[in-house]
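S.K.: Here is the input, now give the coordinates:
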Amino acid sequence: MKTLFSTIFFICSLTVAWAQSAVEYSKPSSADNRIERWKDARFGMFIHWGPVALKGTEIGWSRGQQVPVEEYDNLYKQFNPVKFNADEWVGVAKAAGMKYIVLTTKHHDGFCLWNTRQTTHNIMNSPFGRDVVKELAEACRRQGIPFGTYYSTCDWHHPDFPLTSPGGKVRRETSDIENYTLYLKRQVAELIVNYGPLFCLWFDVPQEFDKARGERVIDFVRQLQPDVVINNRTGAPGDFGTPEQKVGEFNNNRPWETCMTIGDQWAWKPNERVKSLEQCLHALIRSVGGDGNFLFNVGPKPDGQIEPLQVERLKEMGEWLQKYGYTIYETRGGPVKPTDWGVSTRKGNKIYLHILKWDADKVKITLPPLGDAKITACKLVDGGKIKLTTQKDGKFRIEFASKELKPVNTIIEIELDIDAMSLPPLDAE
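M.R.: Next up is the predicted model:
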């Protein structure tokens with residue numbers, strides 16, 4: 001009972017602080033607007049980082065597997081990333097064309113990257129001794145990019161969470177999930193009040209958290225910040241789905257976000273391969289064409305710097321987006337559903353066909369009838385000859401020579417006489 005009363009007092013005090021210090025977003029905070037604002041961004045940076053970078057193994061999952069538990073849990077005593085510069089991280093994200101950042105404030109290993117009052121297992125007790133979450137949140141505000149936090153629902157380090165390492169497959173002899181839930185709420189309250197307002201809250205691996213418990217967590221979060229966007233990994237559905245390491249299927253009824261690594265693992269790994277520019281851009285474009293967001297992960301090194309090869313690739317993506325970002329940002333997927341040759345995006349009265357795969361000498365695309373809509377213009381955005389014909393069955397045929405194809409993505413812009421968003425999803429041929 002004493003724990004419950006102290007938790008209530010703690011939450012109330014944070015709520016007062018929140019009311020005094022919260023910064024309003026420029027757009028209204030209704031459910032529709034917060035989701036649409038999040039969807040408009042389309043492309044974000046995921047950051048997985050912590051003392052595990054010293055080992056080069058996977059964050060959380062290598063605890064008790066590649067790295068013995070005792071050794072893993074004491075890595076923070078050696079963690080001193082003196083080259084960490086929050087403004088540089090944000091600068092890389094902006095150079096990549098990313099519109100928001102999500103940081104792993106606490107992964108399954110329970111280590112916290114902020115000055116939490118709930119546990120000593122945090123960055124302030126490392127040789128580094130600086131509040132990483134605070135510095136990154138402030139850098140995001142300075143540079144005008146929304147900041148979101150990842151917070152692992154499970155915690156294999158906390159004695160009250162029922163499961164522990166390796167892999168959350170070992171059940172503790174004693175645990176107290178109710179007490180752990182209070183711990184979780186206190187920490188989430190700290191993140192919202194001390195580092196918010198947050199653009200999104202990204203939970204992960206609920207394990208023993210069922211739908212009812214997850215919904216209580218979400219309800220608690222909404223009391224502190226009603227307009228924050230929350231994913232589906234508290235145990236409850238939340239606001240959006242999270243396909244991992246693959247592009248999600250087309251869905252314009254339920255928001256979703258693909259999360260994917262730029263290399264092979266989430267945390268930093270020495271000599272790790274980096275996906276090609278084509279792989280990176282195709283994952284982004286196919287995500288948006290399916291009406292989803294794309295959260296692309298980097299794993300900073302033990303010294304605090306983002307791996308140069310990853311930075312180089314991200315900047316190449318940013319160069320492409322500087323030229324073609326208008327076909328990605330603030331668009332919605334469709335109306336033509338994703339197919340082998342590519343995807344479509346739409347905004348206003350325009351549809352953008354993204355041709356990602358084609359081997360023939362001449363490109364021939366057949367589009368389904370567009371209802372009452374009329375095509376008033378059709379062009380290759382980089383120039384070149386293109387032919388549009390209307391068939392007797394109401395379908396449209398678009399043709400152009402393969403010499404007009406671009407290395408990564410060839411974009412066709414179609415202009416309609418109506419709002420492209422009024423069209424239902426259409427199956428391509």
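
S.K.: right, and Pro270 touches Gly56 too?
M.R.: Yes - between Pro270 and Gly56 there is a contact under CB atoms under 8 Å: 4.8 Å. C-beta coordinates here come from the backbone N, C-alpha and C atoms, glycine included.

S.K.: More neighbours: which of those two?
M.R.: Set Pro270 next to Gly56 and count neighbours by other CB atoms under 10 Å: Gly56 wins out with 18 against 10.

S.K.: how far away is the residue sitting nearest the centre point of the chain from Lys269?
M.R.: The residue lying closest to the centre of the chain (CA atoms, centre = their mean) is Leu295, at 3.1 Å. According to CB to CB, to the nearest Å, Leu295 and Lys269 sit 19 Å apart.

S.K.: got the residue ranges for the strands in the stretch 301-429 of the chain?
M.R.: Counting by DSSP state E, counting those that start in this stretch, the stretch 301-429 of the chain has strands at residues 332-333, 342-347, 350-355, 362-367, 375-380, 387-390, 396-401, 410-416.

S.K.: I misspoke; the intended subject was the stretch 1-150 of the chain.
M.R.: All strands of the stretch 1-150 of the chain, identified by DSSP E, counting those that start in this stretch, fall at 43-47, 100-106, 147-152.

S.K.: What strands line up against the first one, and which way round?
M.R.: Same thing as strand 43-47. Using DSSP bridges, strand 43-47 pairs in its sheet with strand 100-106 (parallel), strand 293-298 (parallel).

S.K.: Run the angle between the shortest one and strand 147-152 for me.
M.R.: Spelled out, that is strand 293-298. 70 degrees (axes from the mean of the first three to the mean of the last three CA atoms, to 10 degrees).

S.K.: Averaged pLDDT, strand 293-298. What do you get?
M.R.: Across strand 293-298, pLDDT averages out at 99.

S.K.: which residues are in contact with it?
M.R.: For strand 293-298, the external contacting residues (CB atoms under 8 Å, 6 or more residues apart in numbering) are 38-39, 41-48, 92, 96, 98, 102, 240, 255-262, 266, 280, 283-284, 287-288, 306-307, 310, 314.

S.K.: follow-up on the earlier one: the residue nearest to the centre of the chain bridge partners, please.
M.R.: With DSSP bridges as the rule, Leu295 is bridged to Gly44, Cys259.

S.K.: For it, give its distance to Asp32.
M.R.: 21 Å.

S.K.: Gly238 versus the closest residue to Leu314 other than its chain neighbours, what's the distance?
M.R.: Sequence neighbours aside, Ala96 is the residue nearest to Leu314 in space, at 3.7 Å (criterion: CB to CB, 6 or more residues apart in numbering). In this view, Ala96 and Gly238 are 26 Å apart by CB to CB.

S.K.: same deal with Tyr100?
M.R.: 17 Å.

S.K.: same check, this time on Phe111
M.R.: Distance from Phe111 to Gly238, by CB to CB: 24 Å.

S.K.: Which one's more surrounded, these two?
M.R.: Neighbours per residue (other CB under 10 Å) separate Phe111 from Gly238, with Phe111 holding more: 27 against 22.

S.K.: Assess the claim that the more buried one and Thr119 are in contact.
M.R.: No - at 9.0 Å, Phe111 does not count as touching Thr119 under the criterion of CB under 8 Å.
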